[in-house]
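Q: sequence first, predicted coordinates after that:
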Amino acid sequence: MIIDLQRFIRTERPVWTELESILNRLEAEPNLKLSLEEIQRFHDLYERATASLAKLTTFSAEPATRQYLESLVARAYGEVHETREKRRRLQPIQWLRQNFPQTFRRQIRAFHLAVAITIAGCAFGTVATMVDPESRHVTMPFGHDQLKPSQRVSEEETRTKDRFAGNRTLFSSQLMTHNTQVSIFSLALGTTWGIGTILILFYNGISLGAIATDYVSDGQARFLLGWLMPHGVIEIPAILIAGQAGLVLARGLIGWGDPTPIGSRLRAVSRDLVTLSIGFALMLIWAGFVEAFLSQYHEPVVPYEAKIAFGTLELAALILYLGRSGRK
Amino acid sequence: MSSNALPIRTPEGIVFSQTLAGPVLRFFAWLIDGLCVMALMSFLTGLIRVFGLVSPGLVNAVLTIAFFVLNFGFSIFFEWAWRGQTIGKKLLGLRVVDAEGMRLQFDQVVTRNLIRLVDLLPLAYVVGGLSCWLSRKCQRLGDIAANTIVVRIPVVTEPDLDQLLAGKFNSLRQYSHLAARLRQRITPAEAAIALQAVVRRDEFDAVARLELFEQLASHFQMKVPFPQDAIDGVSSEQYIRNVVDVVYRTSATT
């Protein structure tokens, strides 16, 4: 095909320039909505640009023009063929009332699996602590294995000096960031086809089961509930939601019984992953705050019954929120 | 192992390609971003320390949270605000794009940056680098999960052809129909080789240069044979200069 290149470029350049200006607008303003006429015009311009590229593809006389057109078509292609809804402006109230709980319920099977793995870990930790008390050095986080529960309770209840005095905010921020980072890690390990996520959930379960068994068998169940419940009823579900997100990611990667390509599967879950991540991060911020400012106070400063009642209220509110909020 | 171009075919049958960025270049972009985060943290630390006299605990708490937010938020913020680029990526001419050429979504930006935690393992991006090296699309685990790729944006600088080709009569232009056929038959790769040979002629030693231009001239003469009087007395190098002139300077007069 021999074309009059100069004439061709002269005729087509205004089309490319117009297409580029629309693309610049769309990219500069992610929330921009084009009118129907503008969309039709945009589509026409895209078609013209692709036709121009087809003509120039094997024509080397204008490599710079070809490269320019290629990049223009690449940019427009994403805008024309994109079928995913554009993310609207941030609407925190709607997100809290609808998006997060709805996403949680949509992926409830992964949450159930995360709970089941954690319960299995708890059972393992319980049995290990009962059968072999020395296993505490492996199953419990460092510090908890050094003291008998009754010794710790006695120390906490007779303490006259506030060990976090002046540093409670710092302690709270450390809890928030550390727990969030571990939870993100649990999600990210979904890329190991979920093996890493399952191991983290199972290990968390072991620690929880071992500590609970240790306190209960030492007659300190009341202290345990008063200590764990205020922050734990939010923190543990948050960690489970991080595990849920990791398992959702793993399912997207593996694609059990799903014939769609991996790209489409991951595209379908990516928004849910982000929603769940923001959700568990917010929950961990709350849990970190409560752990630093309430959970570490024990009797006689704060009665255990009050702390247990507070935890029970939080748990009921969380169940109600995740189970009911955003239902039509 | 990955090749460095990813072709994307549109439903209209047009193929355009994205040049994939390799792990080393991406590592350097990450290092630059790391330095930016450190600089921001130092600045923030200095700024907040002023309030340390009132409450040192509060200052440390704010710094802990600030470091955490900056660590995760820096790349998320810039990749979203600058359409797939951070400071490091911008400096090195890289961009994150959707693996299928679609519009990059906020969710994809967040996902690829959260999964970075695994890519960084055990240290300095070993997992991410290996994944990148083994993946067909040069994707680290975060890219696989977010369905994104990182591409190179080449900076195209057109050579100053007027300077290179000035002052010489081009005998090929006397045959405008053959010149048009030459423009049509020559592939982009062949045109680029001819141009590079002219631009970089001084880098070759005399014998190698003579040999190169002779090979190129005979190749292009076979593509489109010009009449004898157009090539009589024209050296191989001048013949290639004439070819470049015909191909790249379509606006020149004969």
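A: Thanks, I have the structure now. Residues are numbered from 1 along each chain as shown, chains lettered A, B, ... in the order given.
Q: just give the closest residue to residue B:209, not the sequence neighbours.
A: residue B:201 (6.0 Å; Cβ to Cβ, 6 or more residues apart in numbering or on different chains). Yep, even glycine has a C-beta here, placed from its N, CA and C like the rest.
Q: tell me how many other residues surround residue B:217.
A: 21 (other Cβ atoms under 10 Å in any protein chain shown).
Q: before we move on, what about residue B:83?
A: 17.
Q: ok, it - contacts?
A: Contacts for residue B:83 (Cβ atoms under 8 Å, 6 or more residues apart in numbering or on different chains) come out as A:27, B:95, B:104.
Q: quick one: buried ones out of the residues you listed?
A: B:95, B:104 (16 or more other Cβ atoms under 10 Å in any protein chain shown).
Q: name the nearest of the contacts of residue B:83 relative to residue A:139.
A: residue B:104 (44.1 Å; Cβ to Cβ).
Q: so which helix or strand takes in that closest one?
A: Assigning secondary structure by DSSP states H and E places residue B:104 outside every helix and strand.
Q: does it touch residue B:97 like I think?
A: Yes: counting by Cβ atoms under 8 Å, residue B:97 is a contact partner of residue B:104 at 5.9 Å.
Q: tell me the domain ranges of chain A?
A: Domain segmentation of chain A under automatic domain parsing yields A:5-81, A:94-324.
Q: quick one: distance of stretch A:22-40 to the chain centre.
A: Computed by Cα atoms, centre = their mean, to the nearest Å, the chain-centroid distance of stretch A:22-40 equals 30 Å.
Q: go on, stretch B:203-212?
A: Distance, centroid of stretch B:203-212 to centroid of chain: 29 Å (Cα atoms, centre = their mean).
Q: from the contacts of residue B:83, pick the one nearest residue B:238.
A: residue B:95 (41.1 Å).
Q: just say helix, strand or coil for the residue lying closest to the closest one once chain neighbours are set aside.
A: The shortest distance from residue B:95 to any non-neighbouring residue, by Cβ to Cβ, 6+ apart, is to residue B:84 (4.3 Å). With DSSP: H, G, I helix; E, B strand; the rest coil as the basis, residue B:84 sits in coil.
Q: name the next helix or strand following the helix or strand residue A:272 falls within along the chain.
A: Per DSSP H and E: residue A:272 is located in helix A:262-290. Sequence-wise, the next helix or strand downstream of helix A:262-290 (DSSP H and E) is helix A:304-324.
Q: tilt between that following helix and helix A:262-290?
A: For helix A:304-324 against helix A:262-290, the angle by axes from the mean of the first three to the mean of the last three Cα atoms, to 10 degrees is 160 degrees.
Q: how about helix A:304-324: buried residues?
A: Quick answer for helix A:304-324 (16+ other Cβ under 10 Å): A:304, A:307, A:308, A:310, A:311, A:314, A:315, A:318, A:322.
Q: dump those to TSV, plus pLDDT and distance to residue B:46.
A: TSV is the format used below for those (pLDDT from 0 to 100; distance: Cβ to Cβ, whole Å):
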residue	pLDDT	distance to residue B:46
A:304	91	45
A:307	94	40
A:308	95	45
A:310	96	40
A:311	96	41
A:314	96	39
A:315	97	43
A:318	97	40
A:322	96	42
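Q: ok, those residues vs chain B, which is closest?
A: Nearest to chain B among these is residue A:322, at 20.9 Å by Cβ to the nearest Cβ.
Q: and the closest one, what does it touch?
A: Residue A:322 neighbours (Cβ under 8 Å, 6+ apart): A:101, A:104, A:105, A:237.
Q: by neighbours, which of the residues you listed wins?
A: residue A:104 (25 neighbours).
Q: which helix or strand contains it?
A: helix A:100-106.
Q: which residues are contacting that helix?
A: A:111, A:241, A:244, A:271-272, A:275-276, A:278-279, A:321-326.
Q: can you tell me the SS state at residue B:149?
A: strand.
Q: surely it and residue B:17 touch.
A: No: between residue B:149 and residue B:17 there is no contact under Cβ under 8 Å: 11.6 Å.
Q: which of those two has more neighbours?
A: residue B:149 (24 against 14).
Q: pLDDT score assigned to the more buried one?
A: In this model, residue B:149 is scored at 93, pLDDT.
Q: then residue B:20?
A: 90.
Q: residues near it, how many?
A: Neighbours of residue B:20 using other Cβ under 10 Å come to 23.
Q: tell me the spacing between it and residue B:94.
A: Applying Cβ to Cβ, to the nearest Å, the value for residue B:20 to residue B:94 is 10 Å.
Q: overlap in contacts, these two.
A: With Cβ under 8 Å, 6+ apart, residue B:20 and residue B:94 have common neighbours B:150, B:151, B:152.
Q: identify the residues contacting the residue nearest the centre of chain A.
A: In chain A, the residue lying closest to the centroid (Cα atoms, centre = their mean) is residue A:277, at 1.6 Å. Going by Cβ under 8 Å, 6+ apart, residue A:277 touches A:184, A:187, A:242, A:245, B:110, B:114.
Q: quick one: which of those residues is most hemmed in?
A: Of the contacts of residue A:277, with other Cβ under 10 Å as the count, residue A:245 tops at 34 neighbours.
Q: tell me the confidence at the residue nearest to residue A:135 when sequence neighbours are not counted?
A: Computed as Cβ to Cβ, 6+ apart, the closest residue to residue A:135 that is not its neighbour in sequence is residue A:128, at 4.5 Å. pLDDT for residue A:128: 94.
Q: equivalent analysis for the one 5 residues further on, please.
A: At residue A:133, the pLDDT value in this model is 86.
Q: now swap in residue A:181 and tell me
A: 93.
Q: shaky segments in chain B?
A: Scanning chain B for pLDDT under 70 picks out B:1-3, B:52-54, B:154-168, B:250-254.
Q: which segments of it make up each domain?
A: Taken from automatic domain parsing, chain B resolves into B:5-152, B:161-248.
Q: next, format those as JSON lines and append distance to residue A:292.
A: Listed next are these as JSON lines, based on distance: least, Cβ to Cβ, whole Å:
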{"stretch": "domain B:5-152", "distance to residue A:292": "10"}
{"stretch": "domain B:161-248", "distance to residue A:292": "64"}
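Q: most tightly packed of these?
A: Stretch with highest mean neighbour count among the domains of chain B: domain B:5-152 (a mean of 18; mean count of other Cβ atoms under 10 Å in any protein chain shown).
Q: kindly check the end-to-end length of it for me.
A: Start-to-end span of domain B:5-152 (Cα to Cα, to the nearest Å) is 10 Å.
Q: ok, residue A:197 - how many residues close by?
A: 30.
Q: now it: which helix or strand?
A: helix A:195-217.
Q: chain center to that helix: distance?
A: Per Cα atoms, centre = their mean, the centroid offset for helix A:195-217 relative to its chain is 21 Å.
Q: ok, now stretch A:187-207?
A: 14 Å.
Q: where in the stretch 51-200 of chain A is pLDDT low?
A: In the stretch 51-200 of chain A (pLDDT under 70), the answer is A:57-64, A:86-88.
Q: that one: helices as residue ranges?
A: For the stretch 51-200 of chain A, helices defined by DSSP state H, counting those that start in this stretch occupy the ranges A:63-81, A:92-94, A:100-106, A:108-131, A:136-139, A:149-158, A:168-188, A:195-217.
Q: restricting to C-alpha, output the longest one in CSV.
A: What follows is helix A:108-131, C-alpha atoms only, in CSV (Å, rounded to 0.1, in the frame of the first residue of the first chain):
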residue,chain,number,x,y,z
ILE,A,108,-18.5,-15.3,54.0
ARG,A,109,-17.3,-18.8,52.9
ALA,A,110,-13.7,-17.7,53.1
PHE,A,111,-14.4,-16.2,56.5
HIS,A,112,-15.9,-19.5,57.7
LEU,A,113,-12.8,-21.3,56.4
ALA,A,114,-10.5,-18.8,58.3
VAL,A,115,-12.6,-19.5,61.5
ALA,A,116,-12.4,-23.2,61.0
ILE,A,117,-8.6,-23.1,60.6
THR,A,118,-8.2,-20.9,63.7
ILE,A,119,-10.5,-23.3,65.7
ALA,A,120,-8.4,-26.2,64.6
GLY,A,121,-5.3,-24.3,65.7
CYS,A,122,-7.0,-23.6,69.1
ALA,A,123,-7.8,-27.3,69.5
PHE,A,124,-4.2,-28.2,68.8
GLY,A,125,-2.9,-25.6,71.3
THR,A,126,-5.3,-26.8,73.9
VAL,A,127,-4.4,-30.4,73.5
ALA,A,128,-0.6,-29.6,73.4
THR,A,129,-0.8,-27.6,76.6
MET,A,130,-2.8,-30.3,78.4
VAL,A,131,-0.7,-33.2,77.2
